[in-house]
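1. how would this look folded up:
(one chain, ligands or ions: 1)
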Amino acid sequence: MRVVSIGECMVELAPAGDGLFAMGYAGDTFNTAWYLRHLLPEAEVDYLTAVGSDPTSDAMVDFMTSAGIGTAHVQRVAGRTVGLYMIRLEKGERSFAYWRSASAARCLADDAERLGLALAKADLAYLSGITLAILSEAARTRLAAELRTARKRGVRVAFDPNLRPALWPEAAAMRAAVTEFASVADVVLPSFDDEARYFGDPDPAETARRYGRAGAPLVVVKDGGNPVVTLSGGPLVWHRLVQQVADPVDTTAAGDSFNAGFLAAHLTGMALEGAVANGAALAARVIRAPGALVLSAVTKG
Ligand code: ADP
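-> Take a look at the predicted model:
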């Protein structure tokens, strides 16, 4: 089994008290790859991105390697470096500042041949709306074409729209790109709150139907602590969450970890209901601890 997750990993600076910051690494598609790595110990999990050729980029690649994530498809771009974000904590409220507009990851889909090679023999390719947001229009078109070709060869494509209008010149371009990539995907994994805000969906059922109309054979709509709604050809199904977390410690990576739990089960042939339960169980553990990559959520004991 081989999984290729496509996107941007960033350096994270998180407040550690006394004006100090702790350095880590995170990014939506990277988080999902990290969780998949733990959930599928027999599989190869590769991250497809681009980094610079400086020591900061080297340290990120070393982190990926030490986490067991394959870096054969991490491209090096001379003269650039990786993106950075800083978390601020004021009166319990988190806010984020980003330095990513010139990050190397923006070059990840510049070479069609590289993309084709990376996707060959994959069982699953995973990407998000943030992956799309950081690419030029030409690079997005190239990526869509390579994913379509890979899909014809049996590669399954999973896509989380992860709507972030701040990364796009205008919201209409974001909506168009996300809708197009839903037509390239086998599984679309949106979060209802974003979809309601930027597509105007009145309820999760409409989110599922809209991506179904766009061409996605399977849609799995997350909605915080509310039921997950799925659509796969037949009628809509509501999956009640077995575990409710009344006071989440940190909801960062709730969606990313849900996707990993869902996809790991789905890939191994589990029925929809079980795969949703697997995603929800992992996300429920992740939001009980701080940070995006929660080791205690994937290790026993
Ligand atoms: P995102 O991080 O993309 O905004 P959501 O907030 O929709 O994602 O949550 C993703 C998943 O995390 C949900 O489908 C659910 O399984 C789990 N989750 C989120 N909030 C809660 C909660 N309060 N209790 C239990 N599970 C939750």
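2. Report the contact partners of the closest residue to the ligand within the chain.
-> Here the residue of the chain nearest the ligand is G255; by CB to the nearest ligand atom that distance is 2.3 Å. (C-beta placed from N, C-alpha, C; glycine too.) Contacts here follow CB atoms under 8 Å, 6 or more residues apart in numbering; on that basis G255 touches D28, D160, N162, L189, S191, K222, A283.
3. pretty sure it belongs to a helix, no?
-> Yes. Judged by DSSP: H, G, I helix; E, B strand; the rest coil, G255 forms part of a helix.
4. before we move on, back to that, may I see the ChimeraX selection of the buried members of the contacts of G255?
-> Of the contacts of G255, the buried ones go into a single ChimeraX selection, burial set by 16 or more other CB atoms under 10 Å:
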select :28,160,162,189,191,222,283
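5. give me phi/psi at V155?
-> Recorded main-chain torsions at V155 are phi -70, psi 130, according to degrees, to the nearest 10.
6. V249 touches R288, doesn't it?
-> Yes. Counting by CB atoms under 8 Å, V249 touches R288, with 5.6 Å between them.
7. hmm, which two among the contacts of G255 are most spread apart?
-> Distance extremes for the contacts of G255: the farthest pair is N162 and A283 at 14.7 Å, using CB to CB.
8. if we can go back for a sec, show me which of the contacts of G255 is closest to D111.
-> D28 (22.7 Å).
9. who's in contact with that closest one?
-> The contact partners of D28, taken as CB under 8 Å, 6+ apart, are G7, S128, I130, D160, N162, A253, G255, D256.
10. try S191
-> Neighbour list for S191: D160, P161, N162, V221, K222, D223, G224, G255 [criterion: CB under 8 Å, 6+ apart].
11. farthest-separated two in those?
-> Taking CB to CB, no two of the contacts of S191 sit farther apart than P161 and G224, at 15.9 Å.
12. Those two: which has the busier surroundings?
-> P161 (27 against 15; other CB atoms under 10 Å).
13. thought the more buried one was touching G129?
-> Yes. With contact defined as CB under 8 Å, P161 reaches G129; the gap is 4.4 Å.
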